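[1] Kindly return the folded structure for what I paste below:
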Amino acid sequence: MHPNIIVTKSASDLRAIARKELKGNWGRVSLVSFVYVLLTSFINGILSFFASTSTVSIGRWKFTYTSSDVAPFYNLLIAPVFAIGLLSFFLTFFRQRRYEPYRIFDGFRFYLKSFGLYILVLIKIILWSLLFIIPGIVAAVRYSQAPYILAEDPTKSPIGCIEESKFLMEGNKEKYFTLLISFIGWGFLASIPVIFLQELFSANHYEPIMESFAMLFVLPPLLSYLTLTRTIFFEIVTGHLRFRKRS
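    This next block holds a predicted model:
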């Protein structure tokens, strides 16, 4: 198990480290994030937009469904696995300075664990949220490092990753939450093109598809910035990244 290191760097310091690492690499790193958004949010949006009816026969039974019915299942079964792969890519990029886009598919090598971890974390967050929204947020922060732990070491069990995340986040929950909050402004700026297209096409049925296209090109740079900053947080909290104390 990793040691529990208290993060002392501010959110602005962590973002500065991420920007330094991305300098000269924004394009190719964002390309991987582009593929991630394409294979998750974009395809999910396309399935919801182009609704087509299909019938499947199993013996004497016939089942009719539309592609829009498939979208939620695609998002549930596929997106969490790609999320693990994205973290695997960023861990390799930051630790070894190696650009290995294929790692976005790493989660499929241990699919059941990737999917199982997502379901367990989701259930725990939902149960805590039943008490009130704040316990739900605290739970989400408490288990936030579990996907990184699994991406780093797929031999660990989902429950083991959750327990280790709880240990790592002792004394670090407020710092992590502050880090996420610091990206709200960037998220607002990235949403401007999406909102513009929503208003432009609000009078016709093309609004959802245009929104998906806007997210496909606007979201990757922000996702790269956010994910690398979160990766740096993980590297500090696990003791992989240390800083010299000023004398």
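[2] where along the protein do the helices fall?
    Remark: helices assigned in the chain by DSSP state H are 11-22, 26-37, 43-49, 67-77, 79-96, 111-129, 133-142, 146-152, 158-168, 173-181, 184-200, 207-237.
[3] Export these as JSON lines, with columns for mean pLDDT, distance to Tyr102 and mean neighbour count.
    No exception for glycine: its C-beta is placed from N, CA and C like everyone else's. Output for the helices of the chain, formatted as JSON lines (pLDDT from 0 to 100; distance: least, CB to CB, whole Å; neighbours: other CB atoms under 10 Å):
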{"stretch": "helix 11-22", "mean pLDDT": "96", "distance to Tyr102": "20", "mean neighbour count": "17"}
{"stretch": "helix 26-37", "mean pLDDT": "95", "distance to Tyr102": "10", "mean neighbour count": "19"}
{"stretch": "helix 43-49", "mean pLDDT": "69", "distance to Tyr102": "19", "mean neighbour count": "19"}
{"stretch": "helix 67-77", "mean pLDDT": "72", "distance to Tyr102": "21", "mean neighbour count": "15"}
{"stretch": "helix 79-96", "mean pLDDT": "96", "distance to Tyr102": "8", "mean neighbour count": "21"}
{"stretch": "helix 111-129", "mean pLDDT": "96", "distance to Tyr102": "16", "mean neighbour count": "17"}
{"stretch": "helix 133-142", "mean pLDDT": "94", "distance to Tyr102": "29", "mean neighbour count": "17"}
{"stretch": "helix 146-152", "mean pLDDT": "97", "distance to Tyr102": "14", "mean neighbour count": "25"}
{"stretch": "helix 158-168", "mean pLDDT": "97", "distance to Tyr102": "23", "mean neighbour count": "19"}
{"stretch": "helix 173-181", "mean pLDDT": "96", "distance to Tyr102": "28", "mean neighbour count": "17"}
{"stretch": "helix 184-200", "mean pLDDT": "74", "distance to Tyr102": "27", "mean neighbour count": "13"}
{"stretch": "helix 207-237", "mean pLDDT": "85", "distance to Tyr102": "17", "mean neighbour count": "20"}
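[4] Would you point out which residue is most central in this protein?
    Geometric centre of the chain, nearest residue: Ala83, 5.0 Å, by CA atoms, centre = their mean.
[5] Enumerate every residue touching the closest residue to it other than its chain neighbours.
    With sequence-adjacent residues excluded and distances taken as CB to CB, 6 or more residues apart in numbering, Ala83 is closest to Pro147, at 6.4 Å. Shown in contact with Pro147 (CB atoms under 8 Å, 6 or more residues apart in numbering): 83-84, 87, 117-118, 161.
[6] so which of the residues you listed comes closest to Pro154?
    Taking CB to CB as the measure, Pro154 lies nearest Ile84 of the contacts of Pro147, at 8.7 Å.
[7] How many residues are close by the closest residue in space to that closest one that isn't next to it in sequence?
    Distances taken as CB to CB, 6+ apart put Gly107 closest to Ile84, at 3.5 Å, once the chain neighbours are dropped. Counted with other CB atoms under 10 Å, the neighbours of Gly107 add up to 27.
[8] Quick one: residues contacting Gly107.
    Counted by CB under 8 Å, 6+ apart, Gly107 has contacts 80-85, 88, 114, 151.
[9] pretty sure Met169 is in contact with Tyr148, am I right?
    No. Met169 sits out of contact with Tyr148 when judged by CB atoms under 8 Å, with a separation of 11.5 Å.
[10] For the contacts of Pro147, give me TSV that also has distance to Tyr225.
    Formatted as TSV, these follow (distance: CB to CB, whole Å):
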residue	distance to Tyr225
Ala83	16
Ile84	20
Leu87	15
Leu117	24
Tyr118	23
Cys161	25
